[in-house]
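[1] next input, structure requested:
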Amino acid sequence: MMARVTGILADRAIAALFEAGRLSSERDLDHDQIQPASLDLRLGAKAFRVRASFMPGPSHLVSDKLDRLSLHVVDLSEGAVLETGCVYIVPLMERLDLPADMSASANPKSSTGRLDIFTRVITDYAQEFDKIPTGYSGPLYLEISPRTFPIVVRRGSRLSQIRFRVGHSLLGEPELLALHDAETLVASKQPNVSGGGIALSIDLAGDKDGLIGYRGKHHTAVVDVDKKAQHDIYDFWEPLYSRGGNELILDPDEFYILVSREAIHVPPHYAAEMTPFDPLVGEFRVHYAGFFDPGFGHAPAGGRGSRAVLEVRSHEVPFILEDGQIVGRLVYEHMREHPESLYGSGLGSNYQAQGLKLSKHFRI
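    Residues are numbered from 1 along each chain as shown. Now for the predicted structure:
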């Protein structure tokens, strides 16, 4: 198939950005840093603890604001603890020199969201978080605020990812319905397609044992973001079980890991992103980490039955979630070309064919 003029850049094109000098880094890329439709971003050597989050605005460099707001500097070269409730700004190893027709957007990695680490990418002169305008040339910074668990990070840790796009690539509702008819994007007989996306609902019926999710514990040990299967689940999480009512009261300031009722499918020529549901229908936030790569839930890539794990936090008031309630929408975008590798195909993808699943850092 011919490459499209517009769309999300695939792995091959991301590598070409490095070769052309449009992407540069302090050191060589990690072998698995380029994903099918995104690039993992790596922390630099310093973290600046700041008084508060900030937006640079159209006339300021991030470094200008750091000079004014920084409380102290944390050396990440040998690893350091970032405490809950604090805000840190970390210069990233990668920097951009985007072509005039190319923009980018960032999102936390799946494992970052599942640890309740609030992250967002900032650029010089930014007026929005996680959005990199066309033609941007300059450094990238990551704002990090651990919410539930203190974490250990180091130079080279990867908490965020970036997608590159040329032009408009979102599927409209007629295209989305046609693609669902052809490829079954969500396992639902009558998909709810509106607002430019396909609705996802919450599963509170539970698995065969009645497990519906997990609630994060407070005052835990630290989580090392670079180590897999290091921690016992029950030291950090309280399992939640259905008691027949198929509902869950979200308490303010608590963090929950839940799962969608629907299995999700992202065909190889598309990428998807989860957008939080309209706040007018409920006082809660869902899904910090919104990118779904080409091949997620794709049967030939080992993903039949992959559901969306949802990171859920209530806002100011307790809120009752009921089984089947809509909590988010999946929007789909065209890829410019088919990726060389699909999610789950020999990439060491941690969440293919998943149901309810905590991040890779925990062992049962």
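[2] from residue 17, how far off is residue 99?
    Distance of residue 99 to residue 17, given as CB to CB, to the nearest Å: 9 Å. C-beta coordinates here come from the backbone N, C-alpha and C atoms, glycine included.
[3] between those two, which one's more packed in?
    Neighbour tally, residue 99 and residue 17, criterion other CB atoms under 10 Å: the higher count belongs to residue 17, 20 against 13.
[4] what sits closest to the more buried one if chain neighbours are left out?
    With sequence-adjacent residues excluded and distances taken as CB to CB, 6 or more residues apart in numbering, residue 17 is closest to residue 23, at 4.2 Å.
[5] from residue 327, how far off is the one you found?
    For residue 23, the distance to residue 327 equals 34 Å [CB to CB].
[6] confidence score at the closest residue to residue 94 other than its chain neighbours?
    Distances taken as CB to CB, 6+ apart place residue 25 nearest to residue 94, at 4.8 Å, with adjacent residues excluded. pLDDT recorded at residue 25 is 97.
[7] remind me which residues of this structure are low pLDDT?
    Along the chain, segments meeting pLDDT under 70 span 1-2, 276-284, 287-289, 299-305, 343-354.
[8] in it, which helix has the most residues?
    The longest helix of the chain (DSSP state H) is helix 173-183.
[9] report the contact partners of residue 66.
    For residue 66, the contact set (CB atoms under 8 Å, 6 or more residues apart in numbering) comprises 48, 50, 89.
[10] type out the ChimeraX command that picks the buried ones from these.
    A single ChimeraX command selects the buried members of those (16 or more other CB atoms under 10 Å):
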select :48,50,89
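[11] mind checking which of the contacts of residue 66 are in strands?
    In strands, judged by DSSP state E, the following of the contacts of residue 66 are found: 48, 50, 89.
[12] would you format those as a markdown table with distance to residue 95 included?
    Shown next, in a markdown table, are these (distance: CB to CB, whole Å):
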| residue | distance to residue 95 |
| --- | --- |
| 48 | 17 |
| 50 | 21 |
| 89 | 15 |
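[13] returning to that earlier point: after the longest helix of the chain, next one along is what?
    strand 193-194 (DSSP states H and E).
[14] which strands and helices sit next to that next one?
    For strand 193-194, the packing partners by 3 or more CB pairs under 8 Å, 6 or more residues apart in numbering; DSSP states H and E come out as helix 173-183.
[15] which strands or helices does the helix it packs on pack on?
    Going by 3+ CB pairs under 8 Å, 6+ apart, helix 173-183 lies up against strand 193-194, strand 197-201.
[16] pick the most buried one from the ones you listed.
    Among the helices and strands packed on helix 173-183, strand 197-201 has the highest mean neighbour count (mean count of other CB atoms under 10 Å), at a mean of 23.
[17] what packs against the helix or strand following that one?
    Next along the chain after strand 197-201, taking DSSP H and E as the criterion, comes strand 211-216. If contacts are counted by 3+ CB pairs under 8 Å, 6+ apart, strand 211-216 sits against strand 237-241, strand 255-263.
[18] gap between the longest one and the chain center?
    Same thing as strand 255-263. Chain-centre distance of strand 255-263: 15 Å, with CA atoms, centre = their mean, to the nearest Å.
[19] what's the following helix or strand after that strand?
    strand 270-276.
[20] ok, the residue of the chain positioned farthest from its centre - contacts?
    Relative to the mean C-alpha coordinate of the chain, counting by CA atoms, centre = their mean, the farthest residue is residue 244 (31.8 Å). With CB under 8 Å, 6+ apart as the criterion, no residue contacts residue 244.
[21] now swap in residue 151 and tell me
    Contact analysis of residue 151 by CB under 8 Å, 6+ apart lists 81-82, 115, 117, 222-225.
[22] what about 6 Å?
    Neighbouring residues of residue 151 by CB atoms under 6 Å, 6 or more residues apart in numbering: 82, 223, 225.
[23] CSV please, covering those and showing secondary structure.
    What follows is the contacts of residue 151, written out as CSV (DSSP: H, G, I helix; E, B strand; the rest coil):
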residue, secondary structure
82, strand
223, strand
225, coil
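[24] and the nearest residue in space to residue 185 that is not next to it in sequence, how close does it get to residue 337?
    Excluding the flanking residues, the one nearest residue 185 by CB to CB, 6+ apart is residue 265, at 5.3 Å. Relative to residue 337, residue 265 is positioned 20 Å away (CB to CB).
[25] more neighbours: these two, which one.
    Between residue 265 and residue 337, counted using other CB under 10 Å, the more crowded position is residue 265 (25 against 18).
[26] what sits against that one?
    Residue 265 sits next to 184-185, 297 when contact means CB under 6 Å, 6+ apart.
[27] who wins on neighbours among those?
    residue 297 leads the contacts of residue 265 on contacts (other CB under 10 Å) with 29 neighbours.
[28] that one contacts residue 264, correct?
    Yes: assessed by CB atoms under 6 Å, residue 297 is found in contact with residue 264 at 4.7 Å.
[29] common neighbours of those two, please.
    With CB under 6 Å, 6+ apart, residue 297 and residue 264 have common neighbours residue 306.
[30] between residue 23 and residue 327, point out the one with more neighbours.
    Between residue 23 and residue 327, counted using other CB under 10 Å, the more crowded position is residue 327 (25 against 21).
[31] hang on, the more buried one packs against residue 286?
    Yes: contact status for residue 327 versus residue 286: in contact at 4.8 Å, counting by CB under 6 Å.
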